[in-house]
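J.: Predicted model and sequence follow; I will ask about them next.
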Amino acid sequence: MLNLFQICATRDFSIALAYYQTAWFRTLAVVMFPSLLWAAYRIRLRVIERHQAQITALNERLMKAQEQERTRIAGELHDGVMQQISALSLMLGTGMRQAEADAKKTMAEVQQKLIEVATEVRQLSHDLHPPTLKDAGLPEALRGYCEEFSCLRNVPVSCNADDNVQDLSRGAALALYRIVQEALSNAATHGASQHVDVRLTRSTGRVSLTVSDDGRGFDPDRMGSSRGLGLINMRERARQLNGTFKLDSGPGRGTTISVTIPFRPAV
């Protein structure tokens, strides 16, 4: 007579296969694999197309900004420098026909006008290519530009620039310099500001720039095209440096622009 152990030992049993071991799962995997590859390809293609569209839009904005800058410079040359030179020519012609005493007075006026023209030309030259930026570094260039801006636009500008930023790479320094130029121009032209504060600091491997004014401010969702393009330029300059751009403004409470970028030393 068989005991209980012998009965259990002779009984047949089987273990069910895991789902991933079954034939139907293998068949499904073979069928789905090409579809997954195609879906991944389409997703990557859409990402590339989106990036390409962003690059195209950025190029168009930059080209538009460059054209507007050329138009601005041409207008300043025509309406400012060329008109003053024409006026000087007329004054010289008048002086040649005057008596000696009156001619001396006219020549003194011509001399003063020439000084004003030279100042405008120098300012245009600095706007196009600031020589101090290359020779003395960003902190000194910002201090000099803020001082000149205060005198020319009659808007007090305080500038606190950390000298530890002096060895910043040339490309990053130029980008921050242009952002300050744009921000100050907006503050004086659109904001009717009475005072502007510019701060440049460096800490923990990052450089921070802040431009704050006490002007009338604006609603960022309802800004004019000229100001809007300027803000786009500033934002794009910060983005190209892998930095951040923040705008804080509102009607009646001024405007603050904050830019933070990784510190890149000059080579």
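T.: Cool, got the structure. Residues are numbered from 1 along each chain as shown.

J.: so what are the domain limits for the chain?
T.: With domains defined by automatic domain parsing, the chain comprises 20-128, 136-267.

J.: For residue 199, see how far away residue 118 is.
T.: 32 Å (CB to CB, to the nearest Å). From N, CA and C alone the C-beta is placed, and that goes for glycine too.

J.: Of the two, which one has the most company?
T.: Using other CB atoms under 10 Å as the criterion, residue 118 and residue 199 rank with residue 199 on top: 16 against 11.

J.: so the more buried one makes contact with residue 146?
T.: No: proximity of residue 199 to residue 146 does not meet the contact threshold set by CB atoms under 8 Å, at 11.0 Å.

J.: residues shared between the contacts of these two?
T.: Contact criterion CB atoms under 8 Å, 6 or more residues apart in numbering; residues shared by residue 199 and residue 146: residue 159.

J.: hmm, back to that, can you say which of the domains of the chain is packed in most?
T.: Mean neighbour count (mean count of other CB atoms under 10 Å) peaks for domain 136-267 among those, with a mean of 17.

J.: Please name the nearest non-neighbouring residue to residue 184.
T.: Nearest residue to residue 184, sequence neighbours excluded (CB to CB, 6 or more residues apart in numbering): residue 149, at 5.4 Å.

J.: And the one you found, which helix or strand is it part of?
T.: helix 138-153 (DSSP states H and E).

J.: just checking, what packs against the helix or strand following that helix?
T.: Sequence order places strand 157-161 as the next helix or strand after helix 138-153, per DSSP H and E. Applying 3 or more CB pairs under 8 Å, 6 or more residues apart in numbering; DSSP states H and E, one finds that strand 157-161 contacts helix 138-153, strand 196-203.

J.: Where among these is average confidence lowest?
T.: Sorting the helices and strands packed on strand 157-161 by mean pLDDT places helix 138-153 lowest, at a mean of 90.

J.: Show me where the chain has its strands.
T.: 157-161, 196-203, 206-213, 244-249, 255-262 (DSSP state E).

J.: Redo those as TSV? Include distance to residue 173.
T.: Below are these laid out as TSV (distance: least, CB to CB, whole Å):
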stretch	distance to residue 173
strand 157-161	11
strand 196-203	10
strand 206-213	9
strand 244-249	17
strand 255-262	10
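
J.: for the ones you listed, which one sits closest to residue 172?
T.: strand 255-262 (6.1 Å; CB to CB).

J.: Might you report the residue contacts of residue 147?
T.: 157, 159.

J.: Tell me how far the residue nearest the centre of the chain lies from residue 170.
T.: Closest residue to the average C-alpha location of the chain: residue 234 at 2.2 Å, with CA atoms, centre = their mean. Relative to residue 170, residue 234 is positioned 19 Å away (CB to CB).

J.: repeat for residue 255
T.: Taking CB to CB as the measure, residue 255 and residue 170 are separated by 28 Å.

J.: Check residue 24 too.
T.: 64 Å.

J.: try residue 235
T.: In terms of CB to CB, residue 235 sits 21 Å off from residue 170.

J.: ok, now residue 34?
T.: Taken as CB to CB, the span from residue 34 to residue 170 is 51 Å.
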